[in-house]
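> sequence plus predicted model, see below.
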Amino acid sequence: MNDQSNALDPAPIAGVEAASLLSRAEEILARRSGHGTEADHTDTLRLVHQLAVHQIELDLQQQELRHARDQLTESLARYVDLYDFAPAGYLTVDGHSVVEQSNLAAATMLGLERSRLTKLPLIDFVAETDRPRFRDFVERTTELPGEHMCEVDMVSSEGIALRVMLDGRRIDELGRCHLVMVDVTELREAQRAAAEYEALAQREETARMLHDTVLQRLFGVTTSLQALTMDPAMSERSVARIEHLIDELDITIVNIRKTIFEQRRAWSGDDPTDGTDDPDEPGVAL
């Protein structure tokens with residue numbers, strides 16, 4: 001039976017239905033022996049059984065392969081969806097920052113179709129002032145393990161200025177890297193506006209302190225000096241000197257009030273020279 005088993009070609013048998021295995025095996029056996037015996041028939045049945053089991057095993061393996069293929073197809077579709085439609089830009093670049101692959105977000109950020117972005121040096125989109133920093137980032141990323149970050153100004157092919165955060169990691173010994181690009185333009189503008197608002201608030205607080213504290217004290221000193229001039233024991237010379245000091249304090253108070261008023265007008269964006277709402281005019285309260 002070993003000779004018979006070795007003579008069988010398993011490739012075509014794998015596609016034969018179990019019902020036809022018996023006749024095929026009998027034909028092979030009759031061709032080899034010229035006549036059949038009961039023992040030969042028993043061996044043939046055993047062979048058919050083994051072939052049937054093998055057929056079932058192959059069918060099960062084929063089902064498992066189909067299932068694995070479907071799972072891989074589904075996983076690939078999810079990966080493509082995540083890669084292409086991610087909000088951040090994903091790039092694969094070589095050791096000289098030449099783009100090899102990109103997703104839709106990266107291409108949109110740089111103002112080009114993906115097919116046109118491929119094979120372009122990424123440094124071409126970096127602002128001139130930030131290119132030394134970008135070169136240093138590429139050098140660190142291609143030569144050192146781990147993640148490396150850099151923030152640079154970039155300009156798209158449409159001339160749109162961007163502030164971009166780059167996060168890179170080397171993926172092979174040739175220096176190829178995966179880069180993540182995040183547009184932080186709006187974030188930086190919001191931070192800048194918040195800083196300006198904080199500085200404005202501090203200036204407003206300084207103006208309020210000058211008005212509420214310094215001016216009030218100066219008014220108090222002026223009132224005290226005016227009271228001294230009413231003292232009969234004061235000589236005319238002393239009174240004249242005090243009155244001169246009172247005049248100087250009045251001028252200082254007016255100058256401080258004008259300075260506060262002009263600063264507030266400047267901070268609010270109004271024209272401080274239009275002459276409206278003069279702090280020396282009646283009805284204006286600082």
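Perfect, thanks for sending it.

> so, low pLDDT: which residues of the chain?
1-41, 76-77, 79-82, 210-212, 215, 263-264, 266-286 (pLDDT under 70).

> now for Leu179, how many residues are close by?
Residues lying near Leu179 (other C-beta atoms under 10 Å) number 23. All C-beta spots, glycine's among them, are computed from the backbone N, C-alpha and C.

> any idea how far Ala161 is from the most centrally placed residue in the chain?
Geometric centre of the chain, nearest residue: Val182, 2.9 Å, by C-alpha atoms, centre = their mean. According to C-beta to C-beta, to the nearest Å, Val182 stands 16 Å off from Ala161.

> for this protein, just list every one of the strands.
89-93, 99-102, 147-155, 161-170, 177-183 (DSSP state E).

> ok, the longest one: who's next to it in the sheet?
Pointing back at strand 161-170 there. Counting by DSSP bridges, the strands paired with strand 161-170 are strand 147-155 (antiparallel), strand 177-183 (antiparallel).

> try the shortest one
The partner list of strand 99-102 in its sheet, established with DSSP bridges, is strand 89-93 (antiparallel).

> what packs against the longest helix that the chain contains?
When the chain is scanned for its longest helix (criterion: DSSP state H), the result is helix 38-84. Counting contacts by 3 or more C-beta pairs under 8 Å, 6 or more residues apart in numbering; DSSP states H and E, helix 38-84 is packed against helix 2-7, helix 10-13, helix 21-33.

> recalculate using a threshold of 10 Å.
helix 2-7, helix 10-13, helix 21-33, strand 89-93, strand 99-102, helix 104-110 (3 or more C-beta pairs under 10 Å, 6 or more residues apart in numbering; DSSP states H and E).

> rewinding a little: and the strands paired with strand 161-170, which is most packed in?
strand 177-183 (a mean of 19; mean count of other C-beta atoms under 10 Å).

> CA atoms only: put that strand into PDB for me.
Only the C-alpha atoms of strand 177-183 are listed here, as PDB (Å, rounded to 0.1, in the frame of the first residue of the first chain):
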ATOM      1  CA  CYS A 177      11.300  58.300   8.900                       C
ATOM      2  CA  HIS A 178       7.700  58.600   9.800                       C
ATOM      3  CA  LEU A 179       6.600  62.200  10.500                       C
ATOM      4  CA  VAL A 180       3.400  63.500  12.000                       C
ATOM      5  CA  MET A 181       2.400  67.100  11.100                       C
ATOM      6  CA  VAL A 182       0.000  69.000  13.200                       C
ATOM      7  CA  ASP A 183      -1.200  72.500  12.200                       C
END
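
> could you pull up the residues touching the closest residue to Pro121 other than its chain neighbours?
Closest residue to Pro121 apart from its sequence neighbours, by C-beta to C-beta, 6 or more residues apart in numbering: Val98 at 5.3 Å. Going by C-beta atoms under 10 Å, 6 or more residues apart in numbering, Val98 touches 118-124, 176.
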